[in-house]
Structure formats: structure tokens, C-alpha cells
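S.K.: show me the folded form of this:
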Amino acid sequence: MNPYAAVANRPVRYVDPLGLTAKVSVKYFPPKPKEIAPEVTEGGESGTSYPFKKVKCWCNCPKGQTHWLMTCHVGFTARIRVSKKEANAWGTTVSFVYGHEQRHVLSRTERVRGNVVKPLEQEDGEFVSEDECDDEAGAYQSEYEQKLKDQLTWEKNPDHKGDPGATEHSPTEGKGEPPLDGSVYPPKPKPRLRVP
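M.R.: Below is the predicted model of the structure:
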């Protein structure tokens, strides 16, 4: 809430004649685990990382209207690393480690949907002036980007702790899971040309 507007006792949010206020319009851009090619290394560690995390909010006034509406985009990217050395030590395969890590990405996608996107969609998103809308957009952007980072940070939300992607098929126990159907990895063999 804009504290200056509250002190001045001015209405900040637009309320239509029925007493309703529009909510923030949110578009969500999660990564697609099937389209993430793993970085397969000889050594190092297997795992997932989320190098890009962003919430962007802005306001616009629909043509012919006098109130301002807020839109926010929520998105992040994911990387999957698979260590051949670890896969061999665990008694499993690169593909099965990759499949397990894909499920962590799916899980994080749902965590972000439930803990960032859905609450943001419940925020008031209709305002009486551009300045007031811009102030709230900046506040929402800052608050929800921090929530997004928290959902993707191992220290705040570790894998294998209430994580739907953490099944009993852990690669560290020689298991893992096959890649999701339709994944870019392992690459499909190219058809051989037949020479007549």
C-alpha cells in the first residue's frame, strides 16, 4: 500500500460501481524441463541451477478509461548439470541422473506457481492514478522477486525437503529416473543413409 496516499486519505485503488477492484494480471514464464539439454561433464557435481530470476511489473491505462491497470511477468531459467563421474560412482547412468534433475525443475516450477504467481494474482491491480499504480508496481516487483529467489535458492528451499520432484528414486542410491517423454536428451540417433 502507498503510505503517502493513506496519510493523505486519498483513494489509491480504483473501485468500480459494484465495489470490485481488478487484480494484477500475471503472466508466468517457467522453464520447460524437456527442452533443457544437460551440461554433461566428466567430473564436478550434478545438479540444477537457476541463473535468471525476474519479476517485472508495470502499469497502463486502457484506451477510453480513467484508471490504471497493473501487469506483471514472472520468469526464471534453469540449467541441468550431470557429472559422468558421479553417475558412475552411484551405479547409474547420465540419462537417469538427468531425468531426476528434470523433476526438480518441475517441482520448482510448481513451487513458484503456488508461492509467487498465485499470491501475486490476488493483489489489487487497479488504481486511480499512474503515480500510485507505479509506486505499487515497484513495491510488488521488489517483494515478489525476493519471493521468487527464495523459492529457487537451495538454502531457503532445499531439494529433497517436501519437494514433489524428490522421489524415492535418487541417483545417489543407484537409481534415478528416465528423462521425461519428449526430452531433448538423450539425442535421438540420426537415421543412416542407405547407399544403393
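S.K.: what mean pLDDT does the lengthiest helix in the chain have?
M.R.: Longest helix in the chain, counting residues (DSSP state H): helix 130-151. For helix 130-151, the mean pLDDT works out to 96.
S.K.: what's that helix packed up against?
M.R.: strand 53-60, strand 68-76, helix 94-112, helix 118-121 (3 or more C-beta pairs under 8 Å, 6 or more residues apart in numbering; DSSP states H and E). Where C-beta positions appear, they are placed from N, C-alpha and C, glycine not excepted.
S.K.: residues in contact with that helix?
M.R.: Residues outside helix 130-151 that contact it (C-beta atoms under 8 Å, 6 or more residues apart in numbering): 1-2, 5, 12, 24, 53-59, 61, 68-70, 72, 74, 76, 108, 111-112, 115-116, 119-120, 123-124, 127, 156-157.
S.K.: what stretches of this structure score poorly on pLDDT?
M.R.: 1-20, 160-169, 189-196 (pLDDT under 70).
S.K.: please redo it, this time with the cut-off set to 50
M.R.: 1-12, 14-15, 17-18 (pLDDT under 50).
S.K.: nearest residue to G91 in space, please, no chain neighbours.
M.R.: Closest residue to G91 apart from its sequence neighbours, by C-beta to C-beta, 6 or more residues apart in numbering: G174 at 3.8 Å.
S.K.: pretty sure that neighbour is in contact with T93, am I right?
M.R.: No: G174 lies out of contact with T93 (C-beta atoms under 8 Å); the separation is 10.1 Å.
S.K.: among those two, which residue is more densely surrounded?
M.R.: Neighbours per residue, other C-beta atoms under 10 Å: of G174 and T93, the larger number sits with T93, 17 against 13.
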